[in-house]
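Asker: Give me a 3D structure for the following:
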Amino acid sequence: MDPDLEPQLRSRGLLVALAVCGGYVAMLALALVPLAWGVVALAVVAAVAEEEAERSTFVRPVLARAQMAPAARSLLRDLAVVVLIGTAGDDVRARAAAIAVVVVARFVVLLAYVVARRRAVQAVHARNLDLPAAPSRGGLTRIVLADKLQTALHHLTAVAAIGTALAVALDATVVAWIACGITLAALLTCAAGLAGALVGSRGHSRADQVAAAQAAVDRLGARAMLYFSGTPDSTYQINTWLRTLERLPEPVLVVVREPAHLQTMQATTLPVLAIPTMADFMALTWSRLRVVMYVANVGKNLHMLRERGLRHVFIGHGDSDKTGSFNPFSKVYSEIWVAGPAARERYHRAGIGIHDDEFVEVGRPQLTDIAPAAATPGERLSVLYAPTWEGWPGDPPHSSLATAGVRLVRDLLAAGNVRVLYKPHPLTGTVSKQAASAHEKVVGLLRAAGGDHEVVTPERSLYDCFNLADVLVGDISSVVSDFLASEKPYLMANLHGLPAEQLREQFPSAAGAYLLGANGSGVDAALAAIRSGDPMASERHAARLHLLGSTPPGDLSAFATAIDNAANTAEQLWPVRPAAEAV
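Answerer: Residues are numbered from 1 along each chain as shown. Down below sits the predicted model:
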C-alpha cells in the first residue's frame with residue numbers, strides 16, 4: 001500500500017472495498033427474504049464498484065485480505081441467485097437449470113484452463129538463439145491463457161446471474177434463458193480458444209522447449225552470463241550493460257526471468273533467454289559457464305546463486321552513494337566489481353564485512369559515448385535536470401523533485417540564457433504522489449515556457465542528454481557519478497541540510513558540486529560562478545578519479561580482464577563443476 005496516498009483517495013478506496021464486500025453479503029440476505037429487485041440492484045452496484053476496484057492498487061489488496069477474490073465473489077453471487085430462485089416465484093426448475101448450465105460450464109472452462117496453461121504456455125523465450133519457433137497463438141488464446149481468467153469469468157457470468165435474478169423479478173423465465181445463453185456462448189468461445197491452445201501445443205511441450213534451450217546453451221558455450229530479474233519497469237537496469245557486453249571478444253549469455261523484459265530491452269546482438277518459472281529454469285544445466293554477473297539484488301537471484309562451481313559477481317546498474325550501492329546482501333557474491341575507490345570505501349564505512357580482496361575495480365566501461373567538457377561553454381547554457389527516483393518508504397531523501405524540483409526549474413527558466421532539459425527517472429512517481437505531482441508541474445512549466453526547453457522522452461538516452469548539456473542539476477545517484485566522466489559542472493541540492501564539508505565527506509559524489517539549499521535555492525549564484533571561472537573544476541577532476549577510478553571512462557580492458565580472471569579462478573577451484581544446491 002502506498003503510504004503517500006492522499007486521505008481522500010484512501011477513504012474512497014476503503015468505501016469501494018466496503019461496497020463490494022457488503023454488496024455480495026447483502027445480496028445473499030435479500031435473496032432469503034426474498035426481494036428479487038434488491039438482488040438485481042445490488043448485483044449491478046457490485047459490478048460497477050468492481051470496475052473501480054480493478055483500477056485501484058489500494059482496493060485489490062483489501063479485497064484479497066478479506067478473502068473476496070473474484071472466485072469468492074462469484075460463489076456468493078451465484079449462491080444468492082440460486083437461493084432467490086428457490087424462495088421466490090414459480091418455474092423454479094427452468095430457472096435453476098439455466099443458471100446451473102452456466103455454473104457447470106464455468107468450471108469446465110477453469111479445468112481446461114489449468115490443463116492448457118500447463119501445456120500451452122511458452123516455457124522459454126529467446127532472442128539471437130537458434131530455438132524452434134513457438135506455436136503461434138491467436139488473440140483469443142492469449143487472452144484466455146492470461147493470469148486474469150478468474151476475473152474475466154467472474155464478469156462473464158455476471159450477465160447470467162443478473163439476468164436470472166431479473167427473470168425472477170419479472171416472473172419471466174425467458175429472460176434467464178437469454179442471459180444464460182449469452183454467457184454460455186461466451187464461455188464456449190473461451191473453451192474453444194483453450195482447445196486450440198492444447199492442439200497447438202502438441203509437439204511443443206514444456207519439456208521439448210527446455211530441451212531445445214539446453215541444446216542452444218550448450219552450442220553457445222558461453223563462459224559468462226548476465227542474470228536479471230525485476231518488474232517490467234526495471235528493464236533499464238539491464239539495458240545499461242548490453243552495449244558494453246557486446247564489445248567483449250567472447251559471447252555473453254543474457255538470462256532474464258520475466259518475458260516482459262524482451263519488449264522493453266534495447267536492441268542487442270547478445271543471445272537472450274527468458275525463462276519464467278523456477279522449475280523450467282532449474283531444469284537447465286550450465287556446464288560451460290564460469291561467471292555470472294548480477295545487476296540487482298532480487299529474490300530470484302537465489303535460483304542462480306544455488307549453482308556451485310561459478311564465480312557469482314555483483315556489478316550493479318550504477319555507481320552512487322545510495323544505500324543500494326553497499327547492500328548487506330552483497331555478501332552472498334564471490335566478488336563485487338566496482339568503478340573506483342569510493343565504492344570500496346562505502347562498504348567499509350557501512351561495516352558490511354566484505355574483504356578487500358573481494359572487490360575488483362573495473363571502471364565504468366559503459367561511459368564510452370560521453371563527450372568531455374568543452375574548454376569554455378557558450379553564453380547560453382544548456383542545463384540538464386535529472387532527478388533520481390524517490391525511493392522506497394523509509395529510504396534516505398535523495399530525490400530533489402518533490403521538495404525542490406519545481407523551484408529549481410522555475411529559477412532556471414528565470415535565469416536567462418539557459419535552455420532547460422528535464423529527464424526524470426523512469427520510476428518517478430511510482431511510490432510518492434508528491435513526486436508525481438511535482439513531475440507534472442515541472443512538465444507544465446517547461447511546456448508553458450516554450451522555446452527550446454525540452455521534456456526528454458524515454459527514447460533519448462541519458463548519455464545523449466549529458467552530451468547536450470553544459471551543466472547538470474542532479475541528486476545523490478549514479479547520474480552524477482556518470483556525469484563526472486565529462487568533468488562538466490554540476491549542481492546538487494543539499495537535501496539533508498548538512499554542513500557542506502560533512503555532506504561532501506558522507507556523499508563523495510557531492511565533492512565537486514555547486515551546492516544548493518534544501519529547497520533548491522542558489523541557482524543564480526551557482527550559474528554565475530560557472531560562467532566566471534568555474535572554481536569547482538579541480539574538485540570535479542579529483543571526484544571523477546575517486547568515484548570512477550583510474551581506468552579511463554569507457555575503457556573495456558579492466559572489465560574484460562576481470563571476466564577472464566574470474567573464469568580462470570572458477571576453473572582452478574572447480575575443474576569439475578559440482579551439482580547445484582537445492583532450493
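
Asker: where are the low-confidence patches of the stretch 301-450 of the chain?
Answerer: Within the stretch 301-450 of the chain, the stretches with pLDDT under 70 are 375, 394.

Asker: residue ranges of the helices in it, please?
Answerer: 302-305, 341-350, 406-415, 433-449 (DSSP state H, counting those that start in this stretch).

Asker: For the third one, which outside residues touch it?
Answerer: Same thing as helix 406-415. Taking contacts as C-beta atoms under 8 Å, 6 or more residues apart in numbering, the residues outside helix 406-415 that touch it are 383, 385, 400, 418, 420, 422, 438, 441-442, 445-446, 449, 453, 473, 493, 516, 519-521, 523-524, 527. No exception for glycine: its C-beta is placed from N, CA and C like everyone else's.

Asker: Only the buried subset of these, as a PyMOL command please.
Answerer: To isolate the buried subset of the contacts of helix 406-415 in PyMOL, counting by 16 or more other C-beta atoms under 10 Å, use the following:
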select buried, resi 383+385+400+418+420+422+438+442+445+446+453+473+493+516+520+523+527
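
Asker: Pretty sure L131 sits in a helix.
Answerer: No. Secondary structure of L131 (DSSP: H, G, I helix; E, B strand; the rest coil): coil, not part of a helix.

Asker: Roughly how far does it sit from G309?
Answerer: 26 Å (C-beta to C-beta, to the nearest Å).

Asker: Tell me which of those two has more neighbours.
Answerer: Neighbours were counted for L131 and for G309 using other C-beta atoms under 10 Å; G309 has more, 18 against 15.

Asker: check contacts around the more buried one.
Answerer: A570, L573, W574, V576, R577, P578.

Asker: Let's have these in JSON lines, adding distance to E250 and neighbour count.
Answerer: Output for the contacts of G309, formatted as JSON lines (distance: C-beta to C-beta, whole Å; neighbours: other C-beta atoms under 10 Å):
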{"residue": "A570", "distance to E250": "15", "neighbour count": "21"}
{"residue": "L573", "distance to E250": "20", "neighbour count": "11"}
{"residue": "W574", "distance to E250": "20", "neighbour count": "14"}
{"residue": "V576", "distance to E250": "22", "neighbour count": "7"}
{"residue": "R577", "distance to E250": "19", "neighbour count": "18"}
{"residue": "P578", "distance to E250": "24", "neighbour count": "9"}
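
Asker: export the residues you listed to a markdown table and tack on pLDDT?
Answerer: Shown next, in a markdown table, are these (pLDDT from 0 to 100):
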| residue | pLDDT |
| --- | --- |
| A570 | 96 |
| L573 | 92 |
| W574 | 90 |
| V576 | 75 |
| R577 | 74 |
| P578 | 72 |
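
Asker: the helices in the stretch 51-200 of the chain, which residues?
Answerer: 59-65, 70-87, 92-120, 139-144, 149-170, 173-200.

Asker: low pLDDT regions in the stretch 101-250 of the chain?
Answerer: Ranges of the stretch 101-250 of the chain meeting pLDDT under 70: 101-103, 105-121, 133-149, 194, 196-204.

Asker: Angles on the backbone of the spatially most central residue of the chain, please.
Answerer: Nearest to the mean C-alpha position of the chain, by C-alpha atoms, centre = their mean, lies T231 at 2.7 Å. T231 adopts backbone torsions of phi -70, psi 160, taken as degrees, to the nearest 10.

Asker: Am I right that L472 falls within a strand?
Answerer: Yes. Counting by three-state DSSP, L472 falls inside a strand.

Asker: What separation do you get for the nearest residue to it once chain neighbours are set aside and V40?
Answerer: Nearest non-adjacent residue to L472, counting by C-beta to C-beta, 6 or more residues apart in numbering: Y490, 4.0 Å away. Y490 sits 64 Å away from V40, taking C-beta to C-beta as the criterion.

Asker: P499: neighbouring residues, count only.
Answerer: Count around P499 with other C-beta under 10 Å applied: 9.
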